[in-house]
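Asker: pasting the sequence and the predicted coordinates here, then a few questions.
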Amino acid sequence: MNIDFDEGTTFDSSDEMIDDEDEEDSSSISNSSTSSIEDDIMDDYESEGEADAAYEAYDELIGHEDELFRSMNNTLNDDNDDTHDIERQVSIRRQVIVLVLSILLTILLSNFAYAGYQLLQLSKDTNDKSIVDKNNNDNDATSTTRYQQFYPANVQEKVYTHNTQDIDDYQLPKHPERIYKHASLSSKNYRAGGILSDEMLQRYEEDGVLVIRNLISPKLLDRLDTASQMLINDSKEESRTKKRKQFHMVKNGAIFLGIPSSTNKNDDNKVCGSEDASCEANMEADKSTEDDNIILSSFRDLAMYSKIPRVAASLLRLDELRVGGEDNLKHKKRRRRHEEEDVTTVDDSINLRISRDIFLTKDDDDYACGWHVDDTGFWPNVASDPGVNAWIALDDMSWPFTPASDSSMTTAADEKTQKYDPVATFALSLGSHRSSWRHEAYAVTGSTHTNPEEGYKSAADLIQRRSGSGTCNIESSAPNLYEKLEQNRVIYDLKKGDVIFHDRWLFHRTVTVGEYDKMTREKLGEQQHEEKKIQTDKIFKRYSIRYAPGTARVPPGYGVELSVLHDETNANKTLDTIVEKSGSPWYPKVWPHVLKTKPISSKTAEEEEIEGITDLVHNKIPRAEVLQKERKKEIQRLLKRGQGY
């Protein structure tokens, strides 16, 4: 290395550097070497200027040596860092592997635990299937076989555990009076055409109740208002002659109202002569009748063509069974064209029918049926068949009370002094359809579960062999069960058009105007020194539709079911079989295919079924109703004579 001191003078220090590097270790330079170099430079350059130049050369040399050491240290540090990075990566990989294996093990153990739980429940349900002697009146002889007759074997276990498992520790949900509002379609609500979610279905199966608002269009509700009033007006004279009754009026088979006596339209273009006054009067009467038919058909439109049947089918899981599983109901992403299309097998034999429909009105009469489940007179299917009741409020039935003022801003003090309009409404005992004590309640009320397997032979046999003390008398005959039912009582704040879907075997009862008044006063903390009977001219309207699978069976033996009175061989037959054999829609199919009421152009099986409705309504049903009245009178005569309970 050449170092310039001044013009023409240089100093070559490369030899000195090499010698020093050979003598010392590569990691450092000793102080003795530094002193030797300093002495040599000072010996050769004694002048002041030359000494300064020598010191500069020395400093530069030292600087290069420092740089060399720094480079060596950095290299060693880099090697150490690389080693640590590799160790860290290996450690992270080990942790990830351990975590993944832990998760997989947890999932595996969970699956084993769930499978064990299912086997335990299945074993429990299997043990419950043994039929206990009906005379003991403390077990449900047929409830444990419910759902097994029509659900496919591959899904029996899933549905069976949902609907028949006894529960001893049922707790009311956090918001028991919740009313779901149907507003718009949602990816979560993939059942019933976008109305139900899994959460809603689960709540229905646990509580036995689901209430939905906005399922019915305002236009249809207006038509139902008019149709209801027409029926009420027709029944006024008859209602005045009766003193004590559960309902102001009961109209069975409202779906069959508004059916023209003939579908012949050949007279549509008939023209009356100028002097034919009777012809014009007849045409006006026909036009009025046609308008009435359109109004009365609103019950059929509601029960058959609204969103209600779709919800009922989903609550029974019929939609799931029809397509072979729950996964086939969910929305799937669009497949690419080159991908193989997913072909779902559809079982069209699975369907939903109307087993019974009833239009009811309740006035201020204090008499009402206590906690009960509907027997065969109101639900004509054997106990092993499932069902969903759609209870529609055709009036506002507010709870806890309806303020007289329109102001929405009221204080607690105001509520105590406000007047209110009492209503006759509906109460349900949540969870009672799966309670462990329900079997005792069935026996006490003599429900369908206690009927003999072969059916009753006569009216006397029905009265003598029926267990319990009556459908409506559980409060007096079993106070302990009455208290259990009251503990989970829920009364909903209903608006006109709200639909209560409840399980067929959920206990329910009517809340009278007087009871409503009493409960409201107690809730508001008013003193009950004087009992005041509430008088009201209001009549509260409701419409009840009982939906069941087409595989549900009509009870065998003696009864008052119209289809059996028309043809005794229909007893113990399924709804599907009765309709197919008779050619008449005694139990109209409402799902999955909606039947047509318009003039039929092309005849499918469903259209041919509904085509027989005219003959059914105007010929078969009237003849069967005559026999039904005779049987009801016979039963009443025997009851008055004291035969039975």
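Answerer: Perfect, thanks for sending it. Residues are numbered from 1 along each chain as shown.
Asker: so the nearest residue to Val250 once chain neighbours are set aside, which state does it fall into?
Answerer: Leaving aside its sequence neighbours, Val250 sits nearest to Leu360 (C-beta to C-beta, 6 or more residues apart in numbering; 5.8 Å). Where C-beta positions appear, they are placed from N, C-alpha and C, glycine not excepted. Here Leu360 takes the strand state, with states given by DSSP: H, G, I helix; E, B strand; the rest coil.
Asker: alpha carbons of stretch 485-500, as CSV, please.
Answerer: Taking Å, rounded to 0.1, in the frame of the first residue of the first chain, the C-alpha atoms of stretch 485-500 are listed here in CSV:
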residue,chain,number,x,y,z
LEU,A,485,-98.9,-26.4,32.8
GLU,A,486,-99.4,-22.9,34.2
GLN,A,487,-95.7,-22.6,35.1
ASN,A,488,-94.8,-22.5,31.4
ARG,A,489,-97.8,-20.6,30.2
VAL,A,490,-97.2,-18.0,27.5
ILE,A,491,-99.7,-15.5,26.1
TYR,A,492,-98.6,-13.7,23.0
ASP,A,493,-99.2,-10.0,22.2
LEU,A,494,-101.0,-10.8,18.9
LYS,A,495,-101.8,-8.6,16.0
LYS,A,496,-104.4,-9.5,13.3
GLY,A,497,-102.7,-11.9,10.9
ASP,A,498,-100.2,-13.4,13.4
VAL,A,499,-99.8,-17.1,13.0
ILE,A,500,-99.1,-19.4,16.0
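Asker: what residues of it count as buried?
Answerer: 485, 488-494, 496-500 (16 or more other C-beta atoms under 10 Å).
Asker: next one: stretch 357-371
Answerer: 357-365, 368-371.
Asker: before we move on, what about stretch 171-190?
Answerer: In terms of neighbour count (16+ other C-beta under 10 Å), stretch 171-190 has its buried residues at 176, 179-180, 182, 189-190.
Asker: quick one: contacts of it?
Answerer: Stretch 171-190 is contacted by residues 194-200, 203, 206-207, 210-215, 307, 329-331, 399, 430-431, 488, 490-493, 498 when judged by C-beta atoms under 8 Å, 6 or more residues apart in numbering.
Asker: Val373 and Trp505 touch, don't they?
Answerer: Yes. If you go by C-beta atoms under 8 Å, Val373 and Trp505 touch, sitting 5.4 Å apart.
Asker: dump the buried residues of stretch 171-190 into a markdown table; add secondary structure and distance to Met519 as well.
Answerer: Output for those, formatted as a markdown table (DSSP: H, G, I helix; E, B strand; the rest coil; distance: C-beta to C-beta, whole Å):
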| residue | secondary structure | distance to Met519 |
| --- | --- | --- |
| Pro176 | coil | 16 |
| Ile179 | coil | 19 |
| Tyr180 | strand | 25 |
| His182 | coil | 29 |
| Asn189 | coil | 34 |
| Tyr190 | coil | 39 |
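Asker: before we move on, the earlier item: settle this for me: the residue nearest to Val250 is touching Phe247, isn't it.
Answerer: Yes. Under the criterion of C-beta under 8 Å, Leu360 makes contact with Phe247 at 5.1 Å.
Asker: returning to what we had before: what residues are up against the residue nearest to Val250?
Answerer: 247, 249-251, 541-544.
Asker: what does Lys581 give?
Answerer: 570, 573.
Asker: check which helix or strand covers it.
Answerer: helix 575-582 (DSSP states H and E).
Asker: what's the following helix or strand after that helix?
Answerer: Counting by DSSP H and E, the next helix or strand C-terminal to helix 575-582 is strand 589-591.
Asker: how about the strands of this protein, start to end?
Answerer: 2-6, 9-12, 180-181, 209-213, 249-252, 352-362, 388-393, 425-429, 489-491, 499-503, 508-511, 540-549, 589-591 (DSSP state E).
Asker: adjacent strands (with direction) for the fourth one?
Answerer: When pairs are called by DSSP bridges, strand 209-213 turns out to pair with strand 180-181 (parallel), strand 499-503 (antiparallel).
Asker: okay if I get the ones you listed as a markdown table plus mean pLDDT and distance to Ser297?
Answerer: Shown next, in a markdown table, are those (pLDDT from 0 to 100; distance: least, C-beta to C-beta, whole Å):
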| stretch | mean pLDDT | distance to Ser297 |
| --- | --- | --- |
| strand 180-181 | 92 | 28 |
| strand 499-503 | 98 | 19 |
